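A.B. asks: next come a sequence and a model predicted from it.
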Protein chains: 2
Amino acid sequence: MRVAILGVGTVGTEVANVLIKNSDLIVSRAGVSITPVVGVVRNLSKHKDSIIPLTDDIDSVINRDDIDVFIELMGGIDKPYEIISKILERKKAVVTANKALLAYYRNELEALAGDTAFGYEASVAGGIPIIKALREGLSANHIQKIMGIMNGTSNYILTNMMNSGVQFDEALKKAQELGYAEADPTFDIGGFDTAHKLLILASIAYCVHAKPEDILIEGISQISSEDIYFANEFEYAIKLLAIAKRGEGTLELRVHPAFISKDKMLANVNGVMNAVSVVGDAVGESLFYGAGAGGSATASAVISDLIDIAREIRNPMLGYKAPLESAPLKLLKPNQIRTKYYLRLKVADEVGVLAKITNLMSQNNLSIDSFLQKAKSKDEGCATLFFTTHTCLEADMLRVINSLENENFIKAKPFMIRIES
Amino acid sequence: MRVAILGVGTVGTEVANVLIKNSDLIVSRAGVSITPVVGVVRNLSKHKDSIIPLTDDIDSVINRDDIDVFIELMGGIDKPYEIISKILERKKAVVTANKALLAYYRNELEALAGDTAFGYEASVAGGIPIIKALREGLSANHIQKIMGIMNGTSNYILTNMMNSGVQFDEALKKAQELGYAEADPTFDIGGFDTAHKLLILASIAYCVHAKPEDILIEGISQISSEDIYFANEFEYAIKLLAIAKRGEGTLELRVHPAFISKDKMLANVNGVMNAVSVVGDAVGESLFYGAGAGGSATASAVISDLIDIAREIRNPMLGYKAPLESAPLKLLKPNQIRTKYYLRLKVADEVGVLAKITNLMSQNNLSIDSFLQKAKSKDEGCATLFFTTHTCLEADMLRVINSLENENFIKAKPFMIRIES
């Protein structure tokens, strides 16, 4: 089997390396040898030491008849969509690691692919075969919930904040020094990368066609050391979670930082590692843990797709041959979510403030689960209050926060984190 | 697709239940409906409320032409081997959850199956799609190590001993009361169930043909509350581990209780849950966690195999089309293992005893990593000593233990637990 690598950066180089280094094993697994015959790069002068032949002429490559599978590792959305569309029109198999592309165009690509193989195991948590697990391993289950830590950069920062007590900015700087965060980290710490992955998993589990702009996405940059303090006091970890949760004909899709009890497996996923918990109606909870990114973990996923193609394993791309649901699930709006909440308030240290807050909460159907007032803060005349609530409607919580923002006794913007279990 | 269920106990009943309850989903996933048309039981009078037609005539069922897949859930070894052989001779697909059968006859069954589909995802940790993960998801990797907690009964007992400080006998009794342990628990707590599963995974990862009697199998019944005390002091969990470890042309396969540092994910797998950690040369460490047993988790695995068969996903049974290794791996004998050790000794509280012990250890190449003497034991004139060692050869450790057993100052049989990381 002859393959072309479109985009030879960190991942593309490792795909070529592993194909060559593990060729003995791969031929045993696949039944045929898998050979990287050409790589496409934008600037040939930057790739002098390549172990495979390179070209900068992508059109000549995608029209070659002697190539069986095209591996798209270019990044971007519209350009790879155009390229892959041309390849699929020629009925040639495609493997991609491009989560942004799939977050926007997965249904169009599925229609284009038809019976042509289309692999994308590498697009979500490269070191974890979660696409295969959802599409095949757990195929007997109605999926009730997916909850995942799927961004290594954010998890590294949050782990560091929890363990070393450093502030967000310092943890981000450290992550950048170690190469775990980009110079512009918005895509990772803002939750967008996680959201793209969530949409891919949700499509397999629920046939959902949503795009990133349809779902709640919040990042981690507002997490303070006070939130970390509370989390440690109450035996929680703080994680950036991707959540898909099925209700009666409804679906919640959301990405946001969340408290999660330290006795849960997910709470123990630290550093740059990723994990995805899946709850199915027959299987109960399963959890899948591994490296989220990195050249060789992602290459492992790309090559597992190539081996599946060589073995002529032809799954329907999103894993179902007919719609999964008799009627499409209704995607809940963010304010229709129901969960538990943590609320941090900086207030004037005056008589009656607590009563005003608790009255406001009870008027809006918020029931308090725990309350902590932190010993004297540095700001003269201020106190920091921490609340957790029982399960309530997000709209009610947002109304309370809006009302509080207009009160004179509130001395900093109220900050809320959802609590998941 | 029409299926027959051979053996309608807890798992068989759940397979029928889930096929019926989730039929909407399953037809979407599989592209065809999957119907349980008949079940075979030994004693019809014990199955009055069955939701599928039953018979006690197995021969008539396995010769039916209108059945596409036979699900073997009878248990035992030789009888199901005979039945499945007859089914495969007729080129009919088979799905089984029978780990003992596969521990002994997997290679013979693979040869018999040829191009006929043979699914056995349910044979190892039903709630975890680990067969698929090893055979397909991680197919690009040389597997360096597999380490798993694969027996819920043992893990429940050890978790209870760690958390509640109860002795082994009491924890076993509790497990029996809760239905987590059989009246005769030997198969589970003796490590045999775990060993069967290890051999199946090792076959996929390493093409190894070993049988249970070829490998080291130790159970958990000798673990004492003193070992638990030491584990808690030094931040270890004690787990019954299945270990496959590849060296240079060699392979270790072993099942035994082991210390494992509490900061590892495996150490946090508690109660009846199972988990398998897999280290691959490209992917690094991945870990898979879920229910190990139980009717509906096992049914989930059985049905995922059925859906794969309906989708005409035909993997080579053990996942390779040609031998994985240029030369067969040499299976190490138990005394050729190299690892770290914990050693518990009950000794006479006399001058010079510690010097004698440490001399004996150093003469046998054992280097001490940590040492603890427990405050005064109840037995007059005795002390309990705890040692951990650096990595050494098992043969050296066994020689030290043998020598100690002949010493007058040793007041109870020395007890050793391996330490894994």
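C.D. replies: Good, I have the coordinates.

A.B. asks: assign a three-state SS to the residue nearest to residue A:158 when sequence neighbours are not counted, would you?
C.D. replies: Nearest residue to residue A:158 in three dimensions, chain neighbours excluded: residue A:238, at 5.5 Å (Cβ to Cβ, 6 or more residues apart in numbering or on different chains). C-beta here means a position set from N, CA and C on the backbone, and glycine is covered the same way. What DSSP: H, G, I helix; E, B strand; the rest coil gives for residue A:238 is strand.

A.B. asks: what sits against residue A:238?
C.D. replies: Residues in contact with residue A:238 (Cβ atoms under 8 Å, 6 or more residues apart in numbering or on different chains) are A:158, A:161-162, A:223, A:227-228, A:231, A:257-260, A:417.

A.B. asks: in chain A, which helix or strand is least confident?
C.D. replies: Using mean pLDDT, DSSP states H and E, strand A:330-331 stands out as the lowest-scoring helix or strand of chain A, at a mean of 85.

A.B. asks: next SSE after that strand?
C.D. replies: strand A:338-348 (DSSP states H and E).

A.B. asks: please export the C-alpha coordinates of the next helix or strand after that following strand as PDB.
C.D. replies: Next in sequence after strand A:338-348, counting helices and strands by DSSP H and E, comes helix A:353-363. Output of helix A:353-363 as PDB, limited to C-alpha atoms (Å, rounded to 0.1, in the frame of the first residue of the first chain):
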ATOM      1  CA  VAL A 353     -24.400  41.100  52.900                       C
ATOM      2  CA  LEU A 354     -24.600  37.300  53.300                       C
ATOM      3  CA  ALA A 355     -28.400  37.500  54.000                       C
ATOM      4  CA  LYS A 356     -28.900  39.600  50.800                       C
ATOM      5  CA  ILE A 357     -26.900  37.000  48.700                       C
ATOM      6  CA  THR A 358     -28.700  34.000  50.200                       C
ATOM      7  CA  ASN A 359     -32.100  35.600  49.700                       C
ATOM      8  CA  LEU A 360     -31.300  36.400  46.100                       C
ATOM      9  CA  MET A 361     -30.200  32.800  45.600                       C
ATOM     10  CA  SER A 362     -33.300  31.200  47.100                       C
ATOM     11  CA  GLN A 363     -35.600  33.600  45.200                       C
END
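
A.B. asks: any idea of the pLDDT on the nearest residue to residue A:349 once chain neighbours are set aside?
C.D. replies: Nearest residue to residue A:349, sequence neighbours excluded (Cβ to Cβ, 6+ apart): residue A:383, at 4.6 Å. pLDDT for residue A:383: 91.

A.B. asks: where's residue A:153, which helix or strand?
C.D. replies: Per DSSP H and E: helix A:152-164 holds residue A:153.

A.B. asks: show residues contacting that helix.
C.D. replies: A:149, A:166-168, A:171-172, A:174-175, A:178, A:180-182, A:185, A:188-189, A:191, A:194, A:219-220, A:223, A:225, A:228, A:231-232, A:237-240, A:257, A:269-274, A:291-293.

A.B. asks: I'd like to know which of these are buried.
C.D. replies: A:149, A:166, A:168, A:171-172, A:174-175, A:180-181, A:185, A:188-189, A:191, A:194, A:219-220, A:223, A:228, A:231, A:237-240, A:257, A:269-270, A:272-274, A:291-293 (16 or more other Cβ atoms under 10 Å in any protein chain shown).

A.B. asks: enumerate the residues of the stretch 1-150 of chain A near chain B.
C.D. replies: Taking Cβ under 8 Å from any Cβ of the partner chain as the contact definition, the stretch 1-150 of chain A meets chain B at A:14, A:18, A:22, A:24-31, A:121, A:126-129, A:132-133, A:136-142.

A.B. asks: now, those that are in strands?
C.D. replies: Using DSSP state E, no member of those falls within strands.

A.B. asks: buried only: go through those for me.
C.D. replies: Buried among these by 16+ other Cβ under 10 Å: A:14, A:18, A:22, A:25-31, A:121, A:126-129, A:132-133, A:136-142.

A.B. asks: which ones among those lie within helices?
C.D. replies: A:14, A:18, A:25-30, A:132 (DSSP state H).

A.B. asks: ok, so of those, who is nearest residue B:402?
C.D. replies: Nearest to residue B:402 among these: residue A:25, at 41.0 Å, using Cβ to Cβ.

A.B. asks: isn't that closest one up against residue B:143?
C.D. replies: No. Using Cβ atoms under 8 Å, residue A:25 is not in contact with residue B:143, being 9.4 Å away.

A.B. asks: quick one, what contacts residue A:193?
C.D. replies: Taking Cβ under 8 Å, 6+ apart as the test, what residue A:193 contacts is A:99, A:150-151, A:187.

A.B. asks: can you redo those as TSV with neighbour count, pLDDT and secondary structure?
C.D. replies: Formatted as TSV, the contacts of residue A:193 follow (neighbours: other Cβ atoms under 10 Å in any protein chain shown; pLDDT from 0 to 100; DSSP: H, G, I helix; E, B strand; the rest coil):
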residue	neighbour count	pLDDT	secondary structure
A:99	25	97	helix
A:150	28	98	coil
A:151	31	97	coil
A:187	16	96	helix
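
A.B. asks: domain ranges for chain A?
C.D. replies: According to automatic domain parsing, chain A comprises the domains A:2-123, A:130-290, A:335-420.

A.B. asks: span of the last one from start to end?
C.D. replies: Just to be clear, that refers to domain A:335-420. 16 Å (Cα to Cα, to the nearest Å).

A.B. asks: hang on, the earlier thing: what about the residue nearest to residue A:349, which SS state?
C.D. replies: Criterion first, three-state DSSP; result for residue A:383: strand.

A.B. asks: and if you look at residue A:219?
C.D. replies: coil.

A.B. asks: from what I can see it touches residue A:194, true?
C.D. replies: No. Residue A:219 is beyond contact range of residue A:194, at 9.1 Å (criterion: Cβ under 8 Å).

A.B. asks: shared neighbours of those two, anything?
C.D. replies: A:154, A:240.

A.B. asks: related to what we said a few turns ago, neighbouring contacts of the least confident helix or strand of chain A?
C.D. replies: For strand A:330-331, using Cβ under 8 Å, 6+ apart, the contacting residues are A:208, A:210, A:214-215, A:249-253.

A.B. asks: for the most centrally placed residue in chain A, identify the helix or strand it belongs to.
C.D. replies: Taking Cα atoms, centre = their mean, the centroid of chain A lies closest to residue A:194, which sits 2.5 Å from it. Using DSSP H and E, residue A:194 sits in helix A:192-206.

A.B. asks: only the buried residues of that helix, if you could.
C.D. replies: A:192-206.

A.B. asks: now stretch A:254-263: how far from the chain's centre is it?
C.D. replies: Mean-position distance between stretch A:254-263 and its chain equals 13 Å (Cα atoms, centre = their mean, to the nearest Å).

A.B. asks: same check, this time on stretch A:365-381
C.D. replies: 32 Å.

A.B. asks: list the contacts of it.
C.D. replies: With Cβ under 8 Å, 6+ apart as the criterion, stretch A:365-381 contacts A:226, A:229-230, A:233-234, A:340-341, A:346, A:348-349, A:358, A:361, A:383-390, A:392-393, A:396-397, A:400, A:411.

A.B. asks: how about 7 Å then?
C.D. replies: A:230, A:233-234, A:340, A:348-349, A:358, A:361, A:383-390, A:392-393, A:396-397, A:400 (Cβ atoms under 7 Å, 6 or more residues apart in numbering or on different chains).

A.B. asks: tell me the span between the first and last residue of that stretch.
C.D. replies: 30 Å.

A.B. asks: residue A:388 touches residue A:340, doesn't it?
C.D. replies: Yes. Using Cβ atoms under 7 Å, residue A:388 is in contact with residue A:340, at 6.5 Å.

A.B. asks: which residues do those two both contact?
C.D. replies: By Cβ under 7 Å, 6+ apart, the residues touching both residue A:388 and residue A:340 are A:369, A:419.

A.B. asks: kind regards, and thank you for your time.
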